[in-house]
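> sequence first, then the predicted structure:
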Amino acid sequence: MRLVFLGAPGVGKGTQAEMVSAQFGIPKISTGDLLRAGVAQQTALGLEAKQFMDRGDLVPDKVVIGLVEEKVGTPECGQGFILDGFPRTVPQADTLSGLLAGKGLSLDRVMHFVIPREEVINRLSGRRSCSKCPAVFHVEFVPPKQEDICDECGGALIQRSDDRKETVESRLTVYEAQTSPLIDYYRDKSLLVELDGSGSVEGVQERLLALLPS
Ligand code: AP5
């Protein structure tokens, strides 16, 4: 099962990708997580990416494409993968399709998550991310059992620096300008499936599972 999760920042892609990954035993490849790991480890790539991420801009295509190429070629992805937050531009999407075609593969579905804009702001302003693992919580909607402590690994929960209000606005503007054209791009290829991402995490998961290939 080769899936892309597409949608605005904070729509719930990462939360659902973790669940689908666990349920089907296929890896979630999140370019955001890979870039944040590079920032945390202060790699050359991470330091280059940080300036773009802090402004809410997209990291240059060549950087993220390199990250995905490395992952998609590993045996871990032999049974499929979930791309969370990639592609985000038409050149990224073209590169992905060339990369897969070169291996005799193609995407099965592009799940387009949709929620109202005010809900995006609520979700991002209350998000808390684990400083040690990919787990994500929300102070109100998905609270950890113990305040500010990750349920999965006991790491400290932090607010992502790009979840500040000004950066969120610019991420949403960048999404509209550079990523939303992918909605028509994948609709034209008959790969796009619209998913109502509003309501509870469990409710979204139920709708999502019903739309995945069997
Ligand atoms: P990235 O990390 O990919 O951020 P994003 O796409 O903006 O998505 P988010 O992680 O903000 O949200 P999400 O949809 O995963 O929502 P989540 O599940 O966490 O990218 C960050 C940056 O890296 C980019 O701005 C860019 O600079 C760079 N980058 C990354 N990929 C790139 C690429 N391909 N090209 C160029 N640059 C790239 O949920 C949000 C909150 O809501 C959480 O608190 C969660 O607990 C809560 N929640 C989830 N579901 C529900 C629900 N159903 N009800 C209530 N609350 C919910």
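Received it, and whenever you're ready, just let me know what you need. Every value quoted in this text rests on a predicted model; they were computed, and no experiment measured them. Residues are numbered from 1 along each chain as shown.
> please make it C-alpha for all contacts and neighbour counts, starting now.
Noted.
> okay, now A210: neighbour count?
A210 is surrounded by 9 other residues when neighbours are defined as other CA atoms under 10 Å.
> so which helix or strand takes in it?
For A210, the host element (DSSP states H and E) is helix 201-211.
> who are the packing partners of that helix?
helix 13-24, strand 192-196 (3 or more CA pairs under 8 Å, 6 or more residues apart in numbering; DSSP states H and E).
> what pLDDT, on average, does the longest one get?
Throughout helix 13-24, pLDDT has a mean value of 95.
> quick one, it and helix 201-211 angle?
Taking axes from the mean of the first three to the mean of the last three CA atoms, to 10 degrees, one finds that helix 13-24 is oriented at 60 degrees with respect to helix 201-211.
> hmm, helix 13-24 in reach of the ligand?
Yes - using CA under 6 Å from any ligand atom, helix 13-24 comes into contact with the ligand via 13-15.
> just after that helix, pick out the following helix or strand.
Tracing the chain C-terminally past helix 13-24 and defining elements by DSSP H and E, one meets strand 28-30 next.
> what's next to the helix or strand just after that following strand, contact-wise?
Helices and strands here follow DSSP H and E; after strand 28-30, the next one along the chain is helix 31-40. The list of residues contacting helix 31-40 from outside it, by CA atoms under 8 Å, 6 or more residues apart in numbering, reads 44-47, 49-50, 64, 67-68, 84-86, 134.
> among the residues you listed, who's most crowded?
Of all the contacts of helix 31-40, the highest neighbour tally under other CA under 10 Å goes to D84, namely 24 neighbours.
> before we move on, the earlier item: buried residues in the helix holding A210?
204-205, 208 (16 or more other CA atoms under 10 Å).
> so which of those also contact the ligand?
The subset of these lying close to the ligand, counting by CA under 6 Å from any ligand atom, consists of V204.
> and the strands in this structure?
Ranges of strands in the chain, per DSSP state E, are 2-6, 28-30, 81-84, 109-114, 127-130, 136-138, 157-158, 192-196.
> including pLDDT and distance to S125, could the contacts of helix 31-40 go into TSV?
Shown next, in TSV, are the contacts of helix 31-40 (pLDDT from 0 to 100; distance: CA to CA, whole Å):
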residue	pLDDT	distance to S125
A44	90	29
L45	90	27
G46	91	24
L47	91	25
A49	94	22
K50	94	20
V64	94	26
L67	89	28
V68	92	28
D84	97	20
G85	96	19
F86	97	23
P134	84	18
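> and those near the ligand, which?
64, 85-86.
> and which of those residues is nearest to D148?
Each of those was scored against D148 by CA to CA, and G85 proved nearest at 25.4 Å.
> what residues does this structure have near the ligand?
Looking at the ligand, the residues of the chain close enough under CA under 6 Å from any ligand atom are 9-15, 31-33, 52-53, 56-61, 64, 85-88, 123-124, 126-128, 136-138, 141-142, 171, 198-201, 204.
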